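> A structural model of the following input is requested.
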Amino acid sequence: MRWLDRLRGKEAETAADTVSVEMERALAAANAGDYETALALWEPLARAGNARAQNNIGACFAEGLGVASDRPLALKWLTLSAEAGDPVGQRNCAAFYMQGSDAIGSDADPARAAKLYRLAAEQGDAPAQDMLSWLLLEGEIIPSDPAEAKSWAEQAAEAGIAASMTRLGMLYHNALGVDRDPAQAVYWWRKGAAGDDADAQAMLGAAYHMGAGMPADRVAALAWLLRAMDGGSALAQPFLNAARENLTLAETTEAGRCAKLPLSEMIAARGKS
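Numbering: from 1, shown residues only. As a prediction, the model looks like this:
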């Protein structure tokens with residue numbers, strides 16, 4: 001019967017190839033903004049049990065992409081994806097349970113969300129690792145564990161998640177689960193700032209202002225704080241007035257100019273002092 005086993009194996013490979021091609025076609029359509037085509041391709045795959053297609057349909061209903069927004073229906077699709085073990089589905093389903101699928105959050109379940117984030121994080125999903133790290137540091141939904149928070153933040157940072165880079169800087173700045181190390185804090189804030197995380201830019205500006213972990217640079221301090229403010233960071237505001245004190249008009253003007261540069265140019269100009 002080995003010939004039959006080989007035939008079955010080849011049929012399975014062909015089916016898998018077909019699914020892969022259809023998923024690629026759907027993704028290309030979605031990336032081009034043609035969500036109607038993407039949904040038409042995802043739907044039969046999702047109904048056949050493809051977990052990533054189920055997640056993608058759920059995301060479309062959540063955001064109103066190609067269909068009318070329907071958060072309860074989005075949650076149903078995302079739950080199917082999560083239960084099938086798709087890490088993106090688990091993470092997106094977790095996001096729903098953090099807030100609830102309706103306007104008043106009547107079905108919010110933060111504890112369930114935390115479990116789903118952990119499942120996705122354990123499968124290597126970097127945004128879920130970032131969220132799990134945050135939950136472990138906050139300690140409101142699950143018990144606080146700064147050491148584990150650091151571990152997950154390191155994994156997410158390795159994958160390029162800027163928020164986790166910023167969090168690692170905070171851990172070293174506040175001595176949470178590690179010895180206080182201003183230089184290491186600055187190392188991570190630089191990386192987060194380069195990833196365009198506004199909170200990292202705020203803390204980098206504060207570090208430049210105080211000369212903590214690196215030499216003080218008053219112009220760089222104000223420039224990074226201004227950029228952080230433009231990016232929506234509330235962490236920048238308490239330092240702004242102090243950072244402006246004793247600057248000349250020329251220095252203030254230069255800081256404002258640098259803050260408006262493209263990020264790569266600003267880093268070159270004021271990121272490595």
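> Helices along the stretch 1-150 of the chain, start to end?
With helices called from DSSP state H, counting those that start in this stretch, the stretch 1-150 of the chain shows them at 2-31, 35-47, 51-63, 71-83, 87-99, 110-122, 126-138, 146-158.
> and residue 241, which of the ones you listed is closest to it?
Closest to residue 241 of the helices of the stretch 1-150 of the chain, according to Cβ to Cβ: helix 126-138, at 29.0 Å. Where C-beta positions appear, they are placed from N, C-alpha and C, glycine not excepted.
> What are the contacting residues of that closest one?
Contact with helix 126-138 is made by 87, 90-91, 94, 114, 117-118, 120-121, 141-142, 144-146, 148-153, 155-156, 159-161, 163-164, 167, 171, 176, as judged by Cβ atoms under 8 Å, 6 or more residues apart in numbering.
> pLDDT (mean, whole number) over stretch 20-40?
The average pLDDT for stretch 20-40 rounds to 95.
> what about it, start to end distance?
15 Å (Cα to Cα, to the nearest Å).
> Could you list the domains of the protein?
Here the domain parsing of the chain from automatic domain parsing is 1-116, 162-273.
> In a markdown table: the helices of the stretch 1-150 of the chain, plus distance to residue 255 and mean neighbour count.
Listed next are the helices of the stretch 1-150 of the chain as a markdown table, based on distance: least, Cβ to Cβ, whole Å; neighbours: other Cβ atoms under 10 Å:
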| stretch | distance to residue 255 | mean neighbour count |
| --- | --- | --- |
| helix 2-31 | 38 | 12 |
| helix 35-47 | 43 | 18 |
| helix 51-63 | 38 | 23 |
| helix 71-83 | 43 | 21 |
| helix 87-99 | 37 | 24 |
| helix 110-122 | 39 | 20 |
| helix 126-138 | 31 | 23 |
| helix 146-158 | 28 | 20 |
